[in-house]
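Participant: build me a model from this:
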Amino acid sequence: MDTRIRKYAAILSSFIYRNRYKKTRLDDYANIEKNNEAWYVKYSVIAHSGGGIDGRIKTNSKESWQYAYENGTRVFDADLSFTRDNVIVLRHEWSDDLDQENISEDRIPNYKEFMQTPILRKYHPMSIFDVIDFMKKHEDVYVACDFKDGIEILEKLISTFRENSCTELFDRVIISLYDYADYDQAKRLYDFKNYAIRQYEDLPHNYYELCAFCLKERIPVCMVTRNYIKEGDRFRILTRRGITVFVATVNDLGRYKKYRKKGVGGIVSDHLKQNDLR
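Facilitator: Numbering: from 1, shown residues only. Predicted coordinates for the structure are as follows:
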């Protein structure tokens, strides 16, 4: 989805949300109870776009996933996009310069072309089928889905998992949504076990409304940018109510430790792996 369209859609959904929940009182809802077996308690790193490899980021490649896994990471941010022929593949933005001839924002490839074109001339691209295989091979892996082409891609994801007879993997799929309004649509499509809300857009940071939404809908995780933490202790409106906050993107171990002392639960990172935090 075009960045400008996503921004305006986020503004609209935020307006709808404010009118829907403007009378909500936080005390009307119970706090989120800590679950020691939940992914967001056991793990503190989400590998951004599969994690960096050889100093390069946003490759979403098989090699980057494997490298992150070998270094202890168990939660993977998967950028889900449609190819020209409507197959889900992993791609952060089609405009990203990954040294792939004939692939660009103006020329989105079909599935065969995408899978046959190495990333940076040496890494292997990933499709949704590779994600399924990776999850089957590694039963402790969680995948946080970033729906680059909107909620429509979630419908395709659900049907793809069903067609491959692996809906049991849904218990390790994290539905991370940019817009409040998408939550109702996602719930109608499938009652997933794991949800998170992403607050990445350049919108007024209304922590009260964000907290009210998470408490009402029982969403335990909120992913925010570093700007939220720069605004002082306001983000503690979330953490005091049991909502786990992940900050994106953080690649400095010292910054991670500083955030942890403030009460942040984890980070989305290009280069830090789970083993680096020990």
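
Participant: could you use CA atoms for every contact and neighbour count after this?
Facilitator: Noted.

Participant: stretch 49-58 - what's its average pLDDT?
Facilitator: For stretch 49-58, the mean pLDDT works out to 98.

Participant: may I have it as CSV, with CA atoms only?
Facilitator: Extracted C-alpha coordinates of stretch 49-58, given in CSV (Å, rounded to 0.1, in the frame of the first residue of the first chain):
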residue,chain,number,x,y,z
SER,A,49,12.1,-8.0,8.0
GLY,A,50,13.7,-11.3,9.1
GLY,A,51,16.7,-9.6,10.6
GLY,A,52,19.9,-8.2,9.1
ILE,A,53,22.7,-10.3,7.6
ASP,A,54,26.2,-9.3,6.5
GLY,A,55,25.3,-5.7,7.4
ARG,A,56,22.3,-5.6,5.1
ILE,A,57,18.7,-5.1,6.2
LYS,A,58,15.2,-5.8,5.0
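
Participant: residue numbering should commence at 12 henceforth.
Facilitator: Sure thing, new numbering starts at 12, so read that last one as stretch 60-69.

Participant: give the buried residues for that stretch.
Facilitator: For stretch 60-69, burial by neighbour count (16 or more other Cα atoms under 10 Å) applies to 60, 61, 62, 63, 64, 68, 69.

Participant: and the fourth one, how far from residue 103?
Facilitator: Okay, so that is residue 63. Residue 63 sits at a distance of 13 Å from residue 103 (criterion: Cα to Cα, to the nearest Å).

Participant: now the common contact residues for the two.
Facilitator: Counting by Cα atoms under 8 Å, 6 or more residues apart in numbering, the contacts common to residue 63 and residue 103 are 69, 70.

Participant: how about the helices in the stretch 112-261 of the chain?
Facilitator: 122-126, 139-148, 163-174, 192-200, 218-228, 237-241, 247-250 (DSSP state H, counting those that start in this stretch).

Participant: identify whichever of the ones you listed lies nearest to residue 107.
Facilitator: helix 122-126 (13.7 Å; Cα to Cα).

Participant: buried ones in the closest one?
Facilitator: Within helix 122-126, the residues scored as buried using 16+ other Cα under 10 Å are 122, 125.

Participant: what sits up against it?
Facilitator: 94, 95, 96, 97, 98, 100, 114, 135, 136, 137, 138.

Participant: repeat that with 7 Å
Facilitator: Helix 122-126 has contacts (Cα atoms under 7 Å, 6 or more residues apart in numbering) with 94, 96, 98, 136.

Participant: let me see the contact set for the last one.
Facilitator: When the contact criterion is Cα under 7 Å, 6+ apart, the partners of residue 136 are 71, 72, 73, 126, 129, 130.

Participant: make CSV out of those and add distance to residue 81.
Facilitator: Listed next are the contacts of residue 136 as CSV, based on distance: Cα to Cα, whole Å:
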residue, distance to residue 81
71, 16
72, 14
73, 12
126, 24
129, 22
130, 21
